[in-house]
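Visitor: Sequence first, predicted model second:
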Amino acid sequence: MTGMDADEIRRIYLQFMVERGHVVIPRAPLIPHNDPTTLFTGSGMQPLLPFLLGQDHAQGRRLTDSQTCLRVQDIDEVGDNRHTTFFEMLGNWSLGDYFKRDQLAQFWEFLTERVGLDPNRIYVSCFSGDPANGIPKDTESAGIWTELFSAAGISADQVDLGTEEHGGAVGAQGARIAFYGKKNWWCRGGNAENMPVGEPGGPDSEVFYLYPEIDHDPAYGRYCHQNCDCGRFIELGNSVFMEYKKTETGFEPLPRRNVDYGGGLARIAAAAIDSPDVYRINLLWPIIDRLQELSGKSYETDTEAMRVISDHLRGATFLAVDGVKPSNKEQGYVMRRLVRRAVRYAFDLGLEQNFFPQIIPTVAQMYAADYPEVVERGDQVIAVLVKEEQSFRRTLRKGIKQLKTYSESGVSGIELFTLYDTYGFPVELSTEEARKSRIPVSDNWRAEFDAKMAEQRARSQGASKMHIQPLAEAAQGGPRG
Ligand SMILES: [Zn+2]
């Protein structure tokens, strides 16, 4: 355990990359410019996609940054020890410059020598190949990993797991290097078959940190392996090697090969303090500490509520910093959802008064040195969020009261719609609330709710819509399992 905190890790990472000829580029806002396919910046590579696809970047061929990201498809997983909606992704890119050897060696050096992680706890994955599409196994990356482990006195056995299911059935059997198929193939379309002709793709190689004190959970398969979701192995980062182009007849090597590396700052920082719980790092813990003070409750007993509130308020703060306001559509709706979930969970802690003004300055303080805009726009952020907090508290009291009246008979999609329509009670919150209070929800509530929603939309033509586009999973390039 090195004890290095997240700010230090962010700084030394960027410095380390500068020493290797990279230019530091500023974070892109959470709201992507000119990209209608996605609501939020969800990875470090997303803003750089045009350059990975061949456009020249004004800052050259070696770039690095720490990108603030938001992914709301994980919102229901927030509450466990490692999923957050808002996170920072450390990134470095080679646009037709260095390739596998330099990338894997520098990531290894950064983790083991700069951050000081224990090399004995590092495990990796590589691409097992795709014979049907004529794409070979990535033995080159595996060979480089073998040398790196060997130089640290660690023998690195290999195991071919193919799929995560098979991995769960047979386990990693102690192998340092596990090969997977689709899991270690990167392209924008998800898999090789669906890629359009001309599209680039390539193998990737993930790095995991082992927390040996965590027991494997058989709910995820009989045995544990690198990509097991039980929390014993935590992914720290992923190096994508864009080296192939799809053709009419298969795949051919790209003339200009790229590296796209993305790593989770929080997860690396958690590893540095030897904590499988990312909420213990210094970019989340001060919020939890403040929640403990304000509520008089402890993180140990109210873990889930404190995790949800701290994650959601941090995300909502950055959304406000980047100019989003709560509303009933698109980004504004997601922001509203974050704020409302935070308020809801605050009720569980007994925080029934407006508490955002006591939390947001803590968030601003954590980022003051590296993202000064969070402090500069602090007053505006507090004003936006407090207004939403206040109006939702009124709604919530009425909505919860109404929901409890359904307890015997259960609740249908039509009633959920009434709660939404009359009280402004978001459907995700009311279903969550019903589950918590053991109120049965009808099986086809979603269809019933959507039908009422469509009716209302037809009635109020031109009114704001609640349509949320799915986030571009395509930009997957980082440690999100
Ligand atoms: Zn496991």
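Guide: Looks like it came in fine.
Visitor: Can you pull out the low-pLDDT segments for this structure?
Guide: Applying pLDDT under 70 to the chain flags the ranges 1-2, 460-481.
Visitor: quick one: the longest helix anywhere in it to chain centroid distance?
Guide: For the chain, the helix with the greatest residue count under DSSP state H is helix 378-404. Offset of helix 378-404 from its chain centre (C-alpha atoms, centre = their mean, to the nearest Å): 26 Å.
Visitor: Now it: buried residues?
Guide: Buried residues in helix 378-404, defined by neighbour count with 16 or more other C-beta atoms under 10 Å: 378, 381-382, 384-386, 388-389, 392-393, 395-396, 399-400, 402-403. In short, each C-beta sits where N, CA and C put it, glycine included.
Visitor: any idea what sits nearest residue 230, other than its immediate chain neighbours?
Guide: In space, and not counting its chain neighbours, residue 230 is closest to residue 217: 4.0 Å by C-beta to C-beta, 6 or more residues apart in numbering.
Visitor: what's the one you found sitting at in phi/psi?
Guide: Dihedral pair for residue 217: phi -100, psi 110, per degrees, to the nearest 10.
Visitor: Check the gap between it and residue 266 for me.
Guide: Residue 217 is 22 Å from residue 266, where distance means C-beta to C-beta, to the nearest Å.
Visitor: near the ion, which residues of the stretch 151-300 of the chain show up?
Guide: Within the stretch 151-300 of the chain, the positions near the ion by C-beta under 5 Å from the ion are 216, 224, 228, 230, 232.
Visitor: Looking at those, state which has the most neighbours.
Guide: residue 224 (23 neighbours; other C-beta atoms under 10 Å).
Visitor: element containing it?
Guide: Using DSSP states H and E, residue 224 maps to neither a helix nor a strand.
Visitor: Quick check, it in contact with residue 173.
Guide: No - here residue 224 does not reach residue 173: they are 10.1 Å apart, not a contact under C-beta atoms under 8 Å.
Visitor: which element follows the longest helix of the chain toward the C-terminus?
Guide: Next in line after helix 378-404, if elements are assigned by DSSP H and E, sits helix 413-423.
Visitor: buried ones in stretch 8-20?
Guide: 8, 9, 10, 13, 14, 16, 17, 20.
Visitor: would you turn these into JSON lines with distance to residue 131 and secondary structure?
Guide: Output for the buried residues of stretch 8-20, formatted as JSON lines (distance: C-beta to C-beta, whole Å; DSSP: H, G, I helix; E, B strand; the rest coil):
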{"residue": "8", "distance to residue 131": "45", "secondary structure": "helix"}
{"residue": "9", "distance to residue 131": "40", "secondary structure": "helix"}
{"residue": "10", "distance to residue 131": "41", "secondary structure": "helix"}
{"residue": "13", "distance to residue 131": "37", "secondary structure": "helix"}
{"residue": "14", "distance to residue 131": "40", "secondary structure": "helix"}
{"residue": "16", "distance to residue 131": "38", "secondary structure": "helix"}
{"residue": "17", "distance to residue 131": "36", "secondary structure": "helix"}
{"residue": "20", "distance to residue 131": "36", "secondary structure": "coil"}
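Visitor: Those residues: which ones sit near the ion?
Guide: Contacts with the ion within the buried residues of stretch 8-20, as defined by C-beta under 5 Å from the ion: none are present.
Visitor: Can you tell me which of those residues is nearest the ion?
Guide: Closest approach between those and the ion, by C-beta to the ion: residue 9, at 25.8 Å.
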